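> Pasting the sequence and the predicted model now:
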Amino acid sequence: MTTPPTTSLVNEFNAAEQRREALGYFTEAFAEAVLAGIESGCFAHAALDAAFRELVGIHGEEQVAKFADQLRERIRHGEFSLTRRH
């Protein structure tokens, strides 16, 4: 049985909302760490390590490896840059 389009859209909206909320928590933790004297690059690497460990625990190594493969192009296209390219 397929999921009705409206249910799918609601699920996508809820997931996006949770990601936005989670990013807010992460941003606060990042700011607190920097204020405590932890170098931002160090915190960012630790966050990536923790995130990948969590994702592997949830989705397995193969799925996360596929996701990581896609990051190369997303990074190169500026998706994570603070300043937008023209």
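Received, thanks.
> Output the longest helix belonging to this structure.
When the chain is parsed with DSSP state H, its longest helix is helix 5-35.
> quick one: average pLDDT of stretch 10-20?
The average pLDDT within stretch 10-20 is 89.
> Tell me where the chain is predicted with low confidence.
1-5, 84-86 (pLDDT under 70).
> where does residue 81 land in three-state SS?
Under the three-state scheme (DSSP: H, G, I helix; E, B strand; the rest coil), residue 81 adopts coil.
> And it, how far from residue 75?
8 Å (CB to CB, to the nearest Å). Backbone N, C-alpha and C define where each C-beta goes, glycine included.
> do residue 53 as well
20 Å.
> Same check on residue 17?
25 Å.
> Ok, residue 40 next?
Distance from residue 40 to residue 75, by CB to CB: 18 Å.
> ditto for residue 22
Per CB to CB, residue 22 is found 20 Å from residue 75.
> same thing with residue 33?
Residue 33 is 23 Å from residue 75, by CB to CB.
> try residue 12
24 Å.
> ok, now residue 23?
Taken as CB to CB, the span from residue 23 to residue 75 is 17 Å.
> Could you do residue 69 as well?
12 Å.
> mind listing what's buried in the strand or helix carrying residue 41?
Following DSSP states H and E, one finds residue 41 within helix 40-59. Residues residue 43 are the ones in helix 40-59 that count as buried (16 or more other CB atoms under 10 Å).
> And what about residue 38, helix, strand or coil?
Per three-state DSSP, residue 38 ends up coil.
> Angles on the backbone of it, please.
Dihedral angles of residue 38 (phi, psi; degrees, to the nearest 10) stand at phi -80, psi 130.
> for residue 76, same thing?
Torsion angles, degrees, to the nearest 10, at residue 76: phi -60, psi -30.
> same check, this time on residue 37
phi 100, psi 0.
> how close does it sit to residue 57?
Taken as CB to CB, the span from residue 37 to residue 57 is 30 Å.
> again, but for residue 67
Residue 67 is 14 Å from residue 57, by CB to CB.
> try residue 24
23 Å.
> who's in contact with residue 33?
By CB atoms under 8 Å, 6 or more residues apart in numbering, the contact set of residue 33 is 40, 43.
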